[in-house]
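# Sequence first, predicted model second:
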Amino acid sequence: MCKKLIFFVLLLALCITSLVQAGNIIWVSDFFDDNDDGDPDDHEWVNLLRAAGHTVDYTPGWEDLDDAKITALNAADLVIISRCSNSGQYDDGDEPTQWNSITRPMIVSSTHLMRSSRWKLLDHTLIWNLAPADMVLADGSTISGIDGTVGPSSFIVTAPGNGTVLATIGDGLGLGLPWIIEWEAGVEYYDGAGQTAGGPRMFFAAGTLESGDEVIGRGEMNLTDECLAFFMGAVDTLLADNTPEMKLFDLATFIVDSGNIALELKGSLLVKIDATLAALDKGNPNDAKVAMNDLKALINQVEAQEDKKITLEAAAEIIQRTNAIIAHLGG
């Protein structure tokens, strides 16, 4: 039985490597033209994403959320909050909770929105504007980060709270401030924040601070080519993590690693996950229905074995994850 489990996990891993990374992205911008060149200051970011094959919704009007806009945000594959924004337009009333409750993956590049006075992702309000700057990655290596000839980015002088730091400001500035931070869904951003990540979240400082003299715009592309590659990699990673295939891989990993499921049930559940992946891999319009039927059969089997071959807690976790995949597929 163990050999069968290993086989299915390897098969799932091979399926994941073939995932298409292109996705539907909502780019939230206020369309400022502070450098007075006739284009929104952040348009180069959108052009880059579209050139990479992504579909990008680049329209104004996100300052005041309503049910329709929240539905649209939760239907996207990825939401990116541009530095080309006025943070004071996004924190009225329940807006911080509304934005934090979005279930889709989100990259926030507006440092000002991260503050404890806005969306409460980080427990401070002090911001330093820095350029040029090197980025220190989690493995200790350093790359050139901000192109000082374009303009500075903003960084909060604080610890990452309950997030995981993936990169910091280089030691050349003597700072070590967080540059890239990620939070898993369901995590309170910092102790006492009262705000929780509704889906995967990432802070990635990117885009210029406006100069106010029509020289530097708000949110212009100011990352070096080397650092920009990390930004695009973050986009691809969040998109891949959000696919039904990746969620199925995570579900399979949970099943294999769990000590609360009988081995014979594990094998049977993994067979159904394999069948689901095979259906999705065909790419036909009706295959999502076949995949959803396989997943519903998985749920039925789990429910039938609750408190027998699987604990109630493990069963609830599998059912919740499976229903989320079914919802993603349109069920």
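That came through, no problem.

# ranges for the helices of the chain?
2-16, 43-51, 67-75, 95-100, 111-114, 225-241, 244-257, 263-282, 287-304, 312-328 (DSSP state H).

# most packed of the ones you listed?
Most buried of the helices of the chain by mean neighbour count (mean count of other CB atoms under 10 Å) is helix 111-114; its value is a mean of 25. Backbone N, C-alpha and C define where each C-beta goes, glycine included.

# Any idea how many residues pack against Trp27?
Residues within reach of Trp27, counting by other CB atoms under 10 Å, total 24.

# hmm, who's touching stretch 288-302?
Contacts of stretch 288-302 with the rest of the structure, by CB atoms under 8 Å, 6 or more residues apart in numbering, involve 244, 265, 268-269, 272-273, 275-276, 279-280, 310, 315, 318-319, 322-323, 325-326, 329-331.

# try 7 Å
Contact partners of stretch 288-302, identified using CB atoms under 7 Å, 6 or more residues apart in numbering, comprise 268-269, 272, 275-276, 279-280, 310, 315, 318-319, 322, 325-326, 329-331.

# Now do the contacts for the residue nearest to the spatial centre of the chain.
What sits nearest the mean C-alpha location of the chain, by CA atoms, centre = their mean, is Pro105, with 3.1 Å. Neighbouring residues of Pro105 by CB under 7 Å, 6+ apart: 78, 199-200, 238, 241-242.

# at 8 Å instead, please
Pro105 neighbours (CB under 8 Å, 6+ apart): 77-79, 199-202, 238-239, 241-242.

# Could you measure from it over to Val235?
The gap separating Pro105 from Val235 is 9 Å, by CB to CB, to the nearest Å.

# before we move on, what about Ala52?
Distance of Ala52 to Val235, computed by CB to CB: 8 Å.

# now do Ile319
Counting by CB to CB, the gap from Ile319 to Val235 is 31 Å.

# cool, Val290 as well?
Computed as CB to CB, the Val290 to Val235 distance reads 30 Å.

# try Asn284
Relative to Val235, Asn284 is positioned 28 Å away (criterion: CB to CB).

# Check Ala22 too.
10 Å.

# and for those two, which residues touch both?
Joint contacts of Ala22 and Val235 (CB under 8 Å, 6+ apart) are 52, 54.

# pretty sure Ala52 contacts Ile25?
No. Counting by CB atoms under 8 Å, Ala52 stays clear of Ile25, with 10.1 Å between them.

# Would you mind telling me which of the two has the busier surroundings?
Ile25 (24 against 13).

# residues in contact with that one?
Shown in contact with Ile25 (CB under 8 Å, 6+ apart): 49, 54-57, 76-80, 235.

# again, only using 7 Å
So Ile25 contacts 49, 54-56, 76-78, 80 (CB under 7 Å, 6+ apart).

# Same question for Ile143.
With contact set as CB under 7 Å, 6+ apart, Ile143 has these partners: 134-135, 137, 226-227.

# Kindly state the domain boundaries assigned to the chain.
Following automatic domain parsing, the chain resolves into domains at 2-15+243-328, 22-241.

# With respect to the ones you listed, which exhibits the lowest mean confidence?
Among the domains of the chain, domain 2-15+243-328 has the lowest mean pLDDT, at a mean of 85.

# roughly how far is that one from the heart of the chain?
23 Å (CA atoms, centre = their mean, to the nearest Å).
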